[in-house]
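**Q** Quick one, fold the following:
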Amino acid sequence: MVERIEDLNLPNAVIARLIKESLPDGANVSKEARAAIARAASVFAIFVTSSSTSLAHKQNHKTITSKDILTTLSELDFESFVPSLTQDLEVYRKMVKDKKESKASKKDATSSENGNPNASSSGTFEQANE
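**A** Predicted coordinates:
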């Protein structure tokens, strides 16, 4: 598992970027404050994960899903987070779907350019070696 408790902290660069993006220009945050925010964010993530794991186990699930996370947030009185997280989740899912479709269309375009719509790149390589 984890050897040191510090290993559970989020990366400092990520925390610094999040802080910078959320504050107005010219606002400064001390190094100690950044460390405190990083630690609080890590504790929050571990707490939500642990609570979601318990919820999933109660439902006889081995895998935590986004639904478990959103339900847990509501149960922990963080329901104000749920609408924006749900919206962000939809954006993420659309981005993944679009990326997958783009990759598939590129693959289809490549195979049809080669004159054989059923040929894969590995099949072309095998034919070249014969």
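
**Q** Skip the chain neighbours and tell me the closest residue to residue 66.
**A** By the measure of Cβ to Cβ, 6 or more residues apart in numbering, the closest residue to residue 66 outside its immediate chain neighbours is residue 89, 5.7 Å from it. For glycine as for every other residue, the C-beta is placed from the backbone atoms N, C-alpha and C.

**Q** and that neighbour, how far is that from residue 73?
**A** Using Cβ to Cβ, to the nearest Å, one obtains 12 Å as the distance from residue 89 to residue 73.

**Q** Give me the more crowded residue out of those two.
**A** Each of residue 89 and residue 73 had its neighbours counted (other Cβ atoms under 10 Å), and the higher figure belongs to residue 73 (18 against 14).

**Q** so who does that one touch?
**A** Applying Cβ atoms under 8 Å, 6 or more residues apart in numbering to residue 73 gives the contacts 48, 79, 81-82, 85.

**Q** Show me which of the residues you listed are buried.
**A** For those, a burial check counting by 16 or more other Cβ atoms under 10 Å picks out residue 48.

**Q** From the contact counts, what lies against the longest helix along the chain?
**A** What stands out as the longest helix in the chain, according to DSSP state H, is helix 82-113. Of the remaining helices and strands, those touching helix 82-113 by 3 or more Cβ pairs under 8 Å, 6 or more residues apart in numbering; DSSP states H and E are helix 66-75.

**Q** Which positions in the helix it packs on come out as buried?
**A** Neighbour-count burial for helix 66-75, counted by 16+ other Cβ under 10 Å, picks out 68-73.

**Q** before we move on, the earlier item: so which of the contacts of residue 73 comes closest to residue 60?
**A** Nearest to residue 60 among these is residue 48, at 20.4 Å by Cβ to Cβ.

**Q** Per-residue pLDDT of the closest one, please?
**A** Here, the pLDDT recorded for residue 48 equals 94.

**Q** contacting residues around it?
**A** Remark: with contacts taken as Cβ under 8 Å, 6+ apart, residue 48 is in contact with 69, 72-73, 76.
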